[in-house]
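1. pasting the structure only:
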């Protein structure tokens, strides 16, 4: 079984749920406390042993690449002023040599199409998909948990969690062959099922480990929900010949592509910071009156 060392990050979405800021700022560069969402996603990937990140970008998103690059003028200024802690924090965010690739998705044709755009970089090996607007807060990083589960069963694996009541129609929902413990074999999945038709209460929460055969399936995948090429639909087809497992991870997911989800993430992560928690708690208490 090949080790998973590449992660695909589809960041080319238009950010319609966070407009108007999404018009000028990539939603994945929106702040959670004092750093962009992508900073947390990359840190999670590195903790899981990811060696190469493939960003699927769209028009006008060069700021994503810039964020992980050197800023000589700013770094020189911080050095001159003796702000070494801030400088070190910035340098920790930098891409390591050869660690990142940026592939342009010419049209917003859906998650499946975005993943397919990475085929030449990924090649013939298993890879992870990390949805950057899904910020997953866990003591053991979500992708680390997924890798540990993958080491047990191989094949294809998706990370899932219980869906909020009445919200299943917003997500990809899995069907399971029994439900014992956190790791179970899948029998199916459906993207954004109509209310009352969902096969379980577990939704695909933004982390996948897929075999390279998914690219061949995506190449012939018809458009599905929303007129887009859905990764879920391609996985259903691949499931006919390859095993899929769902892993219910231990943690909390914040949908940062949603305005309230982003707000909740900011509050939760600020309260976890020893340097900010007391002031953040006081500010929240004052606002609540």
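-> Arrived safely. In this text the structure is predicted, and so the values were computed from the model without any measurement.
2. For the stretch 1-150 of the chain, which segments are assigned as helices?
-> Along the stretch 1-150 of the chain, counting by DSSP state H, counting those that start in this stretch, helices occupy 37-47, 62-67, 72-80, 84-92, 111-116, 119-122, 142-153.
3. Packing partners of the fifth one?
-> Taking 3 or more C-beta pairs under 8 Å, 6 or more residues apart in numbering; DSSP states H and E as contact, the helices and strands that helix 111-116 lies on are strand 6-10, helix 214-219, helix 231-238. The way it works is simple: take the backbone N, C-alpha and C, and place the C-beta from them, glycine included.
4. Mind putting the helices of the stretch 1-150 of the chain into TSV with mean pLDDT, mean neighbour count and distance to residue 257?
-> TSV is the format used below for the helices of the stretch 1-150 of the chain (pLDDT from 0 to 100; neighbours: other C-beta atoms under 10 Å; distance: least, C-beta to C-beta, whole Å):
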stretch	mean pLDDT	mean neighbour count	distance to residue 257
helix 37-47	96	21	9
helix 62-67	88	15	15
helix 72-80	87	12	28
helix 84-92	86	12	25
helix 111-116	92	24	12
helix 119-122	95	16	24
helix 142-153	96	19	17
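5. okay if I get these as a markdown table plus distance to residue 7?
-> Written out in a markdown table, the entries for the helices of the stretch 1-150 of the chain read as follows (distance: least, C-beta to C-beta, whole Å):
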| stretch | distance to residue 7 |
| --- | --- |
| helix 37-47 | 5 |
| helix 62-67 | 15 |
| helix 72-80 | 27 |
| helix 84-92 | 18 |
| helix 111-116 | 11 |
| helix 119-122 | 10 |
| helix 142-153 | 8 |
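6. quick one: the biggest helix by length in the chain to helix 37-47, angle?
-> Ordering each helix of the chain by length in residues (DSSP state H) puts helix 259-272 first. Note on geometry: by axes from the mean of the first three to the mean of the last three C-alpha atoms, to 10 degrees, helix 259-272 and helix 37-47 are set 60 degrees apart in direction.
7. Need the contact partners of helix 259-272.
-> Applying C-beta atoms under 8 Å, 6 or more residues apart in numbering, the set of residues contacting helix 259-272 from outside is 17-18, 30-33, 37, 135, 137, 252, 254-256, 276-277, 280-281, 284.
8. Give the buried residues for it.
-> By neighbour count with 16 or more other C-beta atoms under 10 Å, helix 259-272 contains the buried residues 261-262, 264-267, 269-270.
9. Stretch 196-206 now?
-> In terms of neighbour count (16+ other C-beta under 10 Å), stretch 196-206 has its buried residues at 198-200, 202-206.
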